[in-house]
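**Student:** Return a 3D structure for these sequence lines:
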Amino acid sequence: MMISSVYARYVIRDFRYRGIPIDSLFEGTTLDLPTLEQTDAIAVTDFNQLLINAESISADPAVGLMIGRNVRTMTLGSVGVAASSAPTLRAGLQVVESFARVHAQHSKINIEATLQGLRVVLQWETELDEVERFHAESGLLWLQNYAELITGRTIQDAHYRLGYPPPSYADAYAKYFRGQVSFNHSVTSSELPAHCLDMPSPYYNRDLWQRFQLSLEENLRELSRSDVRSYSHYVRTLLQSSELPLPTLKSMAKTLHISERTLNRRLQNEGVCFRDLRAEVLASWARRYLTETSDSVESIAASLGFVEASSFRRAFKAWEGCSPNQFRDGQKRVIN
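**Tutor:** Model (predicted):
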């Protein structure tokens with residue numbers, strides 16, 4: 001698996017800035033400085049060894065925080081350029097989630113709309129062991145930097161959750177993160193508040209946004225050769241991270257700059273249809289409302305876009321095999 005060489009260059013730049021010799025950074029890797037400066041991607045194993053060396057040489061376990069504070073959107077290459085020209089934070093993160101593999105094959109980002117805002121989960125395809133902290137810290141700091149860039153304001157009510165115990169330098173996190181930080185979670189993630197997700201970006205450029213989306217879709221088709229569900233995953237991502245009411249087939253096709261017929265055909269090629277994907281996400285929203293709120297069934301139906309509560313009840317029974325009220329009562333018994 002490969003990762004952009006930009007991250008390794010960040011480490012080199014930080015060491016030079018602090019006056020620390022860089023020769024020993026490459027021990028145990030296939031890298032050297034000329035190679036690093038001339039290549040666009042390096043092996044994840046080489047990068048991880050470089051991180052281990054960096055912590056040992058600098059005697060500074062917080063190297064991930066120091067590097068992460070300087071990671072900017074452009075670090076993600078073409079994906080970052082597209083995200084920077086997005087109309088909103090939500091739209092930009094949808095692009096990042098869908099096309100992250102174009103930039104770093106070892107990383108995986110999942111985003112999902114919640115009742116409070118948007119949850120962004122960072123995961124990795126390989127075992128990171130002792131360098132997990134670096135990837136988590138730099139990833140979350142990138143997210144903070146991007147969110148504040150695209151909204152044009154400081155976001156102090158985000159929550160950053162780390163999937164490991166507090167490190168020896170845990171107090172230092174307050175110097176880098178402006179939101180709440182907590183440890184010992186099952187995964188590394190961030191909860192972004194709803195108020196910042198759909199604010200118009202001052203950097204939105206319609207022509208660039210559409211151009212880069214089309215370019216990235218070409219990359220997605222390349223990825224589809226090894227992952228036959230790439231396109232349906234992309235559409236599911238857009239649905240999962242959208243605010244209610246969920247996009248229709250017509251509005252989704254417009255977002256993707258293709259016809260409804262083309263969208264249906266691409267999904268059918270992967271053995272799925274838009275109606276089923278939308279129903280899957282709608283059912284998830286329904287379960288969330290019934291579990292996390294005390295809203296009436298009629299209110300939930302309206303929030304989900306149903307004209308009649310009776311239509312929602314029928315749909316929910318088809319999804320879950322029981323009525324909304326029966327589902328809610330069952331959840332209460334589980335909790336109690």
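
**Student:** Nearest the geometric middle of the protein, what residue?
**Tutor:** Against the mean C-alpha coordinate of the chain, by C-alpha atoms, centre = their mean, the closest residue is residue 109 at 3.8 Å.

**Student:** which secondary structure elements does the helix or strand containing that one contact?
**Tutor:** Following DSSP states H and E, one finds residue 109 within strand 107-113. On a contact count with 3 or more C-beta pairs under 8 Å, 6 or more residues apart in numbering; DSSP states H and E, strand 107-113 meets helix 89-103, strand 117-124, helix 230-240. All C-beta atoms are positioned from the backbone trio N, CA, C, and that covers glycine.

**Student:** Please identify the deepest-packed of these.
**Tutor:** helix 89-103 (a mean of 23; mean count of other C-beta atoms under 10 Å).

**Student:** Need the contact partners of that helix.
**Tutor:** 4, 76-80, 82-84, 86, 107-111, 118, 120, 146-147, 150-151, 192, 196-199, 201, 213, 216, 219-220, 223, 233-234, 237-238, 241-243 (C-beta atoms under 8 Å, 6 or more residues apart in numbering).

**Student:** for that helix, the distance to its chain's centre please.
**Tutor:** Helix 89-103 sits 7 Å away from the centroid of its parent chain (C-alpha atoms, centre = their mean, to the nearest Å).

**Student:** can you check stretch 27-41 too?
**Tutor:** Centroid separation for stretch 27-41 versus its chain: 28 Å, with C-alpha atoms, centre = their mean.

**Student:** mind showing which ranges of the protein have poor pLDDT?
**Tutor:** 100-106, 126, 128, 216-229, 332-336 (pLDDT under 70).

**Student:** can you map out the strands along it?
**Tutor:** Assigned by DSSP state E, the strands in the chain fall at 2-4, 41-43, 107-113, 117-124, 159-161, 180-182, 188-193.

**Student:** Run through who's touching the fourth one.
**Tutor:** To tie it back to what came earlier, the one meant is strand 117-124. By C-beta under 8 Å, 6+ apart, strand 117-124 touches 90, 93, 97, 106-113, 132, 135-136, 139-140, 143, 187-197, 241.

**Student:** List the buried residues for stretch 311-323?
**Tutor:** 312, 313, 315, 316, 319, 320 (16 or more other C-beta atoms under 10 Å).
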